[in-house]
Structure formats: C-alpha cells, structure tokens
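Engineer: 3D, please:
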Amino acid sequence: MSGGYIVPQEEGDHQVVIFTFSGKITSDQQDKWNEQVKKFKTETFLPTGSLTGVTIRGEKTPPKYRPKKKK
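Structural biologist: Residues are numbered from 1 along each chain as shown. Predicted coordinates for the structure are as follows:
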C-alpha cells in the first residue's frame with residue numbers, strides 16, 4: 001500500500017506502517033530521518049504510550065533483482 005495512512009483504532013488493536021527506501025541514502029538524509037523519528041516518538045505518541053516500537057532493518061537486494069547498469 002502506498003500512502004502510509006493510519007486509521008483510528010480501539011484499545012488492544014494495532015497497526016503496522018512500513019516505509020521502503022530504495023537506492024542511496026546520504027548521511028544528511030539519515031540524520032534528518034533519525035531526528036524526525038525521535039520527535040515523532042517523543043512529541044507525538046509518547047505521551048499516550050501508543051507508539052510501542054520502531055524497527056528498522058536494512059536488506060540487500062539480491063543481484064538478480066537489481067537493475068542492470070548500462071555500459
């Protein structure tokens with residue numbers, strides 16, 4: 001799904017939002033992302049305790065699925 005929208009939910013329910021990044025990420029982008037996640041957790045959701053975790057795992061795209069470089 002594209003868009004990353006969440007909907008209201010009841011006590012005991014949960015939603016998972018996945019962001020997929022492709023290609024190069026610069027150090028500046030990394031720093032901005034990390035700062036925004038920190039603010040999001042602490043300023044938006046920490047007071048209610050409803051954001052229970054942020055999991056990030058990098059994945060290597062298998063060579064057979066990578067775009068072929070033009071020669």
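Engineer: Count the neighbours of residue 51 for me.
Structural biologist: 13 (other Cβ atoms under 10 Å). No exception for glycine: its C-beta is placed from N, CA and C like everyone else's.
Engineer: and what of residue 41?
Structural biologist: The burial count for residue 41: 14, using other Cβ under 10 Å.
Engineer: How about residue 34?
Structural biologist: Applying other Cβ under 10 Å, I find that residue 34 has 11 neighbouring residues.
Engineer: and it, what are its phi and psi?
Structural biologist: phi -60, psi -40 (degrees, to the nearest 10).
Engineer: Next up, the contacts around it.
Structural biologist: Residues in contact with residue 34 (Cβ atoms under 8 Å, 6 or more residues apart in numbering): none are found.
Engineer: what does the one 5 residues further on give?
Structural biologist: Residue 39 makes no contacts at all, as judged by Cβ under 8 Å, 6+ apart.
Engineer: Can you tell me the SS state at the residue nearest the centre of the chain?
Structural biologist: Residue closest to the mean C-alpha point of the chain, counted by Cα atoms, centre = their mean, is residue 19 at 3.8 Å. For residue 19, the secondary structure call by DSSP: H, G, I helix; E, B strand; the rest coil comes out as coil.
Engineer: swap in residue 29?
Structural biologist: Once three-state DSSP is applied, residue 29 turns out helix.
Engineer: And for it, the neighbour number?
Structural biologist: By other Cβ under 10 Å, neighbour count at residue 29 equals 11.
Engineer: quick one: it and residue 35, what's the gap?
Structural biologist: 11 Å (Cβ to Cβ, to the nearest Å).
Engineer: Also residue 66?
Structural biologist: Following Cβ to Cβ, the distance that separates residue 66 from residue 35 is 30 Å.
Engineer: which sections of the protein are below the confidence cut-off?
Structural biologist: 1-4 (pLDDT under 70).
Engineer: residue boundaries of the strands in it?
Structural biologist: With DSSP state E, there are no strands along the chain.
Engineer: For residue 49, give me its contacts.
Structural biologist: Here residue 49 is in contact with no residue (Cβ under 8 Å, 6+ apart).
Engineer: What of residue 43?
Structural biologist: Residue 43 neighbours (Cβ under 8 Å, 6+ apart): none.
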